[in-house]
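Q: Here's a sequence, model it:
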Amino acid sequence: MSNGGTRSFKQMILGSFETAGNFFLFLVNVLKWIFRPPYRMRRLLAEVEKIGANSFPVIALSSIAIGMIFALQLASLLGLFRTEILIGAAVGMTMTRELAPFITAIMLVARDGSAMAAEIGTMKVTEQLDAMTTMTVDPVHFLVVPKVLASVISFPLLTAASNVLGVFGAYVVGVLGLGIDKSGFFDQLYWFVDPDDVYTGIIKAAVFGFLVSVICTFFGFHTQRGAKAVGESTTKAVVTSALFIFVADYVMTDLMLKLVF
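A: This next block holds a predicted model:
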């Protein structure tokens with residue numbers, strides 16, 4: 001390897017450690033400000049509306065589509081064993097445990113996570129964050145904390161809605177499309193889907209909401225100077241959030257399977 005290649009590799013490693021250290025300090029700062037007054041309820045409610053209510057149509061359409069597609073795939077498989085009646089239970093278990101929190105998190109990363117990074121990144125480039133600091137207003141407390149709390153609230157609520165809408169999509173395909181008995185559809189759904197399945201998905205969604213909001217605001221705060229840098233920080237925020245969702249999903253699934261079962 002040439003000296004130039006060795007130098008760039010070392011710079012990449014050092015840059016990764018520097019980013020990890022800065023992220024840890026940023027995370028500690030966020031956790032410190034969450035429990036300290038003043039509590040800006042108006043900003044929190046505005047963020048809940050932006051992240052939660054305004055995102056509902058996207059989550060609704062994607063959840064219904066996933067439920068319908070998954071039901072179609074299951075129909076061809078379960079039809080081999082004449083057990084199409086289990087379509088509702090299978091979709092319900094899959095949505096509550098895994099698909100609903102995962103779909104919600106990925107969709108909100110694309111919609112709201114990128115917006116968080118771009119908004120704060122633009123404020124950093126235009127020196128609005130510096131102006132807030134000059135006026136003795138902490139930017140993390142004023143901008144980040146409401147977004148983090150709103151995400152922790154909105155992600156589970158949207159996941160709960162995704163559970164219902166995903167099962168509705170399966171109902172449309174299974175009962176209305178394939179002629180499965182309606183009472184049998186709901187009976188199997190009732191017996192196979194436990195409250196623990198719903199709780200695990202809600203907990204996952206809350207963790208995803210915290211991770212997405214902290215990561216995206218972090219990259220916004222560390223945007224370099226220049227308009228091009230805003231796009232770069234937004235891209236990094238979305239990609240990093242998606243990767244953390246995959247890792248966190250696996251870790252939590254492993255832990256919850258051991259705890260529940």
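Q: which residues of this structure score low on pLDDT?
A: Per-residue confidence of the chain (counting by pLDDT under 70) places the weak regions at 1-7, 9, 227, 260-261.
Q: Centroid-nearest residue for it?
A: Of all residues in the chain, the one closest to the mean position by Cα atoms, centre = their mean is Ala105, 2.3 Å from it.
Q: If we ignore the residues flanking it in sequence, what's nearest that residue?
A: Using Cβ to Cβ, 6 or more residues apart in numbering and skipping residues adjacent in sequence, the residue nearest Ala105 is Phe208, 3.9 Å away. (Glycine included, C-beta is placed from N, CA and C.)
Q: Mind telling me what element the one you found is part of?
A: Element membership for Phe208 (DSSP states H and E) is helix 195-221.
Q: list the buried ones in that helix?
A: Buried positions in helix 195-221, judged by neighbour count with 16 or more other Cβ atoms under 10 Å: 197-198, 200-202, 204-221.
Q: same thing with stretch 27-36?
A: Burial within stretch 27-36, assessed by neighbour count using 16+ other Cβ under 10 Å, is assigned to Asn29, Val30, Trp33.
Q: can you put the residues you listed in JSON lines and add secondary structure and distance to Arg43?
A: As requested, the buried residues of stretch 27-36 are exported to JSON lines (DSSP: H, G, I helix; E, B strand; the rest coil; distance: Cβ to Cβ, whole Å):
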{"residue": "Asn29", "secondary structure": "helix", "distance to Arg43": "18"}
{"residue": "Val30", "secondary structure": "helix", "distance to Arg43": "15"}
{"residue": "Trp33", "secondary structure": "helix", "distance to Arg43": "13"}
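Q: Kindly list the main-chain dihedrals of Glu127?
A: Its backbone dihedrals place Glu127 at phi 60, psi 20, with angles given as degrees, to the nearest 10.
Q: still on that earlier bit, contact partners for the residue nearest to Ala105?
A: Listed by Cβ atoms under 8 Å, 6 or more residues apart in numbering, the contact partners of Phe208 are Pro101, Thr104, Ala105, Phe155, Ile245, Ala248, Asp249.
Q: Tyr171: which of the residues you listed is nearest?
A: Thr104 (19.9 Å; Cβ to Cβ).
Q: Phi and psi next, for that closest one.
A: phi -60, psi -50.
Q: Which neighbouring residues are in contact with it, exactly?
A: Neighbouring residues of Thr104 by Cβ under 8 Å, 6+ apart: Ile59, Phe155, Leu158, Thr159, Ser162, Ala205, Phe208.
Q: quick check, nearest of those to His141?
A: Of all the contacts of Thr104, His141 sits closest to Phe155, with 21.4 Å by Cβ to Cβ.
Q: For the residue lying closest to the closest one once chain neighbours are set aside, give its distance to Ile66.
A: Distances taken as Cβ to Cβ, 6+ apart put Gly209 closest to Phe155, at 3.2 Å, once the chain neighbours are dropped. In this structure, Gly209 lies at 19 Å from Ile66, with Cβ to Cβ, to the nearest Å as the measure.
Q: Likewise for Phe168?
A: The span separating Phe168 from Ile66 equals 11 Å under the rule Cβ to Cβ.
Q: neighbour count winner among these two?
A: More crowded of Phe168 and Ile66, by other Cβ atoms under 10 Å: Ile66, with 22 against 15.
Q: The helix or strand hosting the more buried one: how far from the chain's middle?
A: Assigning secondary structure by DSSP H and E places Ile66 in helix 56-78. On the basis of Cα atoms, centre = their mean, to the nearest Å, the separation between the geometric centre of helix 56-78 and that of its chain is 19 Å.
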